[in-house]
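K.L.:
model this:
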Amino acid sequence: MPSLTHLDATGAANMVDVSDKAPTARTARAEGAIVMLPETLRLIREGDAKKGDVLGTARLAGIMAAKRTHELIPLCHPLLLSKVRVDCEPDPDLPGIRVTAEVKVQGPTGVEMEALTAVSIACLTVYDMVKAADRAMRIEGIHLLQKSGGRSGTYEAEPA
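P.N.:
Numbering: from 1, shown residues only. Prediction:
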């Protein structure tokens, strides 16, 4: 497998040149969770968090983060995303919130980092909005579920 970054004569890393790659339809899905006390989950579900709509804000933060991934992670290409969907679902079995993101683009490089960034920032937003009620929350299991498109084809994570 070729290196995804290249060092120049000074040892500096360079962004991968994707100019010779054909634009193709590419998608990626990622997930993660934030585990919390049952009382904290109840606050979120009932809309009683002091900062407001936790799940709506987390979804919006995740979408915004996906669009700005290239500003947050060195060497990521700026992409014209065609779809970003972030879902934040309460899960009493955790207890907590399960976050999933799906990102699509028509381009020369994939969107895995955008999907992972969306999940990460959505989880961090949940934490920020209810940290006064539960500082022991844990963000867990952020990983790529699926990606398609490009030379490497399709990837599907093994079921947990």
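K.L.:
now do Gly150, the pLDDT please.
P.N.:
pLDDT, Gly150: 88.
K.L.:
residue contacts, it?
P.N.:
Neighbouring residues of Gly150 by CB atoms under 8 Å, 6 or more residues apart in numbering: 21, 24, 26, 109-110. In short, each C-beta sits where N, CA and C put it, glycine included.
K.L.:
cutoff 6 Å now
P.N.:
24, 26, 110 (CB atoms under 6 Å, 6 or more residues apart in numbering).
K.L.:
return the alpha-carbon coordinates of the helix or strand harbouring Met64 using CSV.
P.N.:
In the assignment (DSSP states H and E), Met64 maps to helix 54-67. This file holds the C-alpha atoms of helix 54-67, laid out as CSV (Å, rounded to 0.1, in the frame of the first residue of the first chain):
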residue,chain,number,x,y,z
VAL,A,54,-28.9,18.8,23.2
LEU,A,55,-29.6,16.4,20.3
GLY,A,56,-30.5,19.1,17.8
THR,A,57,-27.4,21.1,18.6
ALA,A,58,-25.2,18.0,18.5
ARG,A,59,-26.6,17.0,15.0
LEU,A,60,-25.9,20.5,13.8
ALA,A,61,-22.4,20.6,15.3
GLY,A,62,-21.6,17.3,13.6
ILE,A,63,-22.7,18.5,10.2
MET,A,64,-20.7,21.7,10.6
ALA,A,65,-17.6,19.7,11.7
ALA,A,66,-17.8,17.4,8.7
LYS,A,67,-17.8,20.5,6.4
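K.L.:
for that helix, which helices and strands make contact with it?
P.N.:
In terms of contacts (3 or more CB pairs under 6 Å, 6 or more residues apart in numbering; DSSP states H and E), helix 54-67 is packed against strand 83-91, helix 112-130.
K.L.:
among these, which is the most enclosed?
P.N.:
With neighbours taken as mean count of other CB atoms under 10 Å, the helices and strands packed on helix 54-67 reach their highest mean count in helix 112-130, at a mean of 24.
K.L.:
still on that earlier bit, for Gly32, find the nearest of the helices and strands packed on helix 54-67.
P.N.:
Evaluated over the helices and strands packed on helix 54-67, closeness to Gly32 peaks at helix 112-130, with 4.4 Å, by CB to CB.
K.L.:
what element comes up after that closest one heading to the C-terminus?
P.N.:
As assigned by DSSP H and E, the chain's next helix or strand after helix 112-130 is strand 138-148.
K.L.:
circling back to that earlier point, restricted to strands, list the contacts of Gly150.
P.N.:
24, 26 (DSSP state E).
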